[in-house]
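Q: What would the 3D arrangement of this be:
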Amino acid sequence: MAKLLCIEDSQEFFLYLKTVLKEHDLTHVTNLNDAFKIIQNGRNSFDLILLDVSLPDGNGIKSIGALKDSFSTKLIPIIVISSDGDVISKVAAFGIGADDYILKPPNTDELKARIAARLRSHQTEQKISDQIEIGNLSINSDRMMVQIHLLNGKSLSVDLTPSEFKLLKKLSLRPGQVFSRDQLIDEVWGISKYITQRTVDAHMSHLRKKIIKSNVKIETVLSIGYKISVINSM
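A: Alright, predicted model coming up:
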């Protein structure tokens, strides 16, 4: 049984979710303000968030980054469930850090399968070492923190988006291994036609700039994808 936070202003749709996801423990709030209150009050032991887009006090998609940041002790998967099938909305959701996007009304079997897939992926990530060391980079998965340790003994904190953090972590777990763009899309954003290879390139460009003071280099492998390596000099 997993603990799910459902941010949804429709009581009818929540009752549907409660029925089809009866094997899980669902907490329901109807607005973003109440969601942040629950998280900030320490009741943040959730395993996944189901998030509506049109909420009384704001746009759910725009809140994704803040919701993920509120879980300071772990990465939390967020599945957007919305009646808005516009491609722009989907691209925006994945770009900000959504892990999946499901249209209302969902197919019950597909909904359960996609939630189960995200929970499995999340549990697998939790089993991986909380602390990854590569070159002079420290990546703390549990606290979603990245630091560059300089030769003078000082450390720099690196501010990454959720997607940038996932990319860096994915590459750093297997230094030297080449990841194709499609593979990174599947493993970081989930299987989705709304994330393109250009999206990956853009994220990699931003990520490179943010870790430029480290001795870790993200290399482009022509016509294939990316790999990470440690260089001798900074």
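Q: now the longest helix belonging to the chain, how far from the centre of its chain.
A: With secondary structure taken from DSSP state H, the chain has its longest helix at helix 108-127. When distances are taken as Cα atoms, centre = their mean, to the nearest Å, helix 108-127 is centred 13 Å away from the chain's centroid.
Q: And for that helix, what's in contact with it?
A: Helix 108-127 has contacts (Cβ atoms under 8 Å, 6 or more residues apart in numbering) with 2, 4, 20-21, 24, 47-48, 50, 74-77, 79, 99-100, 102, 141, 190. No exception for glycine: its C-beta is placed from N, CA and C like everyone else's.
Q: How about stretch 177-195?
A: Against stretch 177-195 from outside (Cβ under 8 Å, 6+ apart): 87, 90-91, 94-95, 99-101, 118, 163, 166-167, 170-171, 197, 199-201, 221, 224-227.
Q: Could you export the longest helix of the chain as PDB, CA atoms only?
A: Output of helix 108-127 as PDB, limited to C-alpha atoms (Å, rounded to 0.1, in the frame of the first residue of the first chain):
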ATOM      1  CA  THR A 108      -9.200   2.600 -15.000                       C
ATOM      2  CA  ASP A 109      -6.700  -0.200 -15.900                       C
ATOM      3  CA  GLU A 110      -4.300   2.300 -17.500                       C
ATOM      4  CA  LEU A 111      -4.500   4.600 -14.600                       C
ATOM      5  CA  LYS A 112      -3.700   1.900 -12.100                       C
ATOM      6  CA  ALA A 113      -0.900   0.500 -14.300                       C
ATOM      7  CA  ARG A 114       0.800   3.900 -14.700                       C
ATOM      8  CA  ILE A 115       0.600   4.700 -11.000                       C
ATOM      9  CA  ALA A 116       2.000   1.300 -10.200                       C
ATOM     10  CA  ALA A 117       4.900   1.900 -12.700                       C
ATOM     11  CA  ARG A 118       5.700   5.200 -11.100                       C
ATOM     12  CA  LEU A 119       5.700   3.700  -7.600                       C
ATOM     13  CA  ARG A 120       8.000   0.900  -8.700                       C
ATOM     14  CA  SER A 121      10.400   3.400 -10.300                       C
ATOM     15  CA  HIS A 122      10.300   5.500  -7.200                       C
ATOM     16  CA  GLN A 123      11.000   2.500  -4.900                       C
ATOM     17  CA  THR A 124      13.900   1.500  -7.100                       C
ATOM     18  CA  GLU A 125      15.400   4.900  -6.800                       C
ATOM     19  CA  GLN A 126      15.000   4.900  -3.100                       C
ATOM     20  CA  LYS A 127      17.100   1.700  -2.800                       C
END
